[in-house]
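> Provided below for reference: sequence and predicted model.
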Amino acid sequence: MQDTGFTIIENKRLAKDVYRMILSGDTSAIKNAGEFVNIRLDGFYLRRPISVCDVEGDKLTLIYKVVGKGTEVMSDMAQGTELMLLTGLGNGYDLSLSGDSPLLVGGGVGVPPMYLLAKRLLAQGKRVSVVLGFNTADEVFYEDEFKALGCDVTVTTVDGSRGVKGFVTDALPESYSYFYTCGPMPMFKALNKAVKTSGQFSFEERMGCGFGACMGCSCKTLTGNKRICKDGPVLKKEEIIWAD
């Protein structure tokens, strides 16, 4: 973990309330797909945790949704703005368990970490299928980017305005060797019942410190409570105790 200065080189709207921020800085602490950064914003006590969408050289790509005052401030930041980021946070996905044909499932702002994961799996020669879930067509983003990587991509929308009508569980492929996912809790609970293989869940949680000191973000597991920021955000399917 390190606190590092980054410079915004792009901050662009992708879809309804969704923005892509590309920054330049020292990315050396970011090792695994599924890690996150914690952004310090002037005037706000708590940092904003954002999952890593992509990292290449000194370029870091983050995708975030405007859901409150902090992310609203971020959406107005101009090119050249300097930000301090805690990097190297979270455990990331374990790629060694993927098998030959992994399935990646992203829901809403759970889609971004699937992108770097897809790149890493494809580099290993895997056949990657991706299911992206949204509420409506105006929320869809990164469909073309996943296709450009070489993934087999399916988009679902709850209202049927784009792709398959319904939820991600309505569009799961017949065959896959393992699954990885990130998204909201209702999607996780439905997916946990629908999947045919083992897999890994990356949890979205509000965080205090972001590095395990405050115990504010915890999840019940078979081996006790785990801190999403420090012990996660990625947990294996078999260890999670799902609350009703």
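Cool, got the structure.

> use CA for all of it now, contacts and neighbours both
Fine.

> Now the longest helix along the chain: buried residues?
Determined from DSSP state H, the single longest helix within the chain is helix 112-123. Of the residues in helix 112-123, 112-119, 121-122 count as buried by neighbour count, 16 or more other CA atoms under 10 Å.

> Let's have those in a markdown table, adding distance to residue 94 and pLDDT.
Below are these laid out as a markdown table (distance: CA to CA, whole Å; pLDDT from 0 to 100):
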| residue | distance to residue 94 | pLDDT |
| --- | --- | --- |
| 112 | 17 | 96 |
| 113 | 13 | 96 |
| 114 | 13 | 97 |
| 115 | 15 | 98 |
| 116 | 13 | 98 |
| 117 | 10 | 98 |
| 118 | 12 | 98 |
| 119 | 14 | 98 |
| 121 | 11 | 98 |
| 122 | 14 | 98 |
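
> Among these, which one lies nearest to residue 99?
residue 121 (9.8 Å; CA to CA).

> Surely the closest one touches residue 128?
Yes: counting by CA atoms under 8 Å, residue 121 touches residue 128, with 7.3 Å between them.

> give the contact list for residue 155.
Neighbour list for residue 155: 131-134, 143, 162-164 [criterion: CA atoms under 8 Å, 6 or more residues apart in numbering].

> So for stretch 150-159, what gets flagged as buried?
Under 16+ other CA under 10 Å, the buried positions of stretch 150-159 are 151, 153-158.

> Check the spacing between residue 191 and residue 79 real quick.
Using CA to CA, to the nearest Å, residue 191 is found at 39 Å from residue 79.

> Which one of the two is surrounded by more residues?
Shown here are residue 191 and residue 79; by other CA atoms under 10 Å, residue 191 has more neighbours (19 against 15).

> How far does stretch 106-115 sit from its chain's centre?
Centroid displacement of stretch 106-115 relative to its chain, using CA atoms, centre = their mean, to the nearest Å, is 4 Å.

> residues making contact with it?
So stretch 106-115 is contacted by 33-35, 51-54, 62-65, 104-105, 130-134, 139-140, 146, 168, 181-184, 187, 204 (CA under 8 Å, 6+ apart).

> from these, which ones fall inside strands?
51-54, 62-65, 104-105, 130-134, 181-183 (DSSP state E).

> which stretches of this structure have low pLDDT?
Residue ranges of the chain with pLDDT under 70: 1, 204-232, 243-244.

> got the residue ranges for the helices in it?
Using DSSP H, helices in the chain cover 69-75, 112-123, 143-149, 185-194.

> Was I right to think residue 103 contacts residue 182?
No: Residue 103 is beyond contact range of residue 182, at 11.8 Å (criterion: CA under 8 Å).

> Right, I'll call it a day here.
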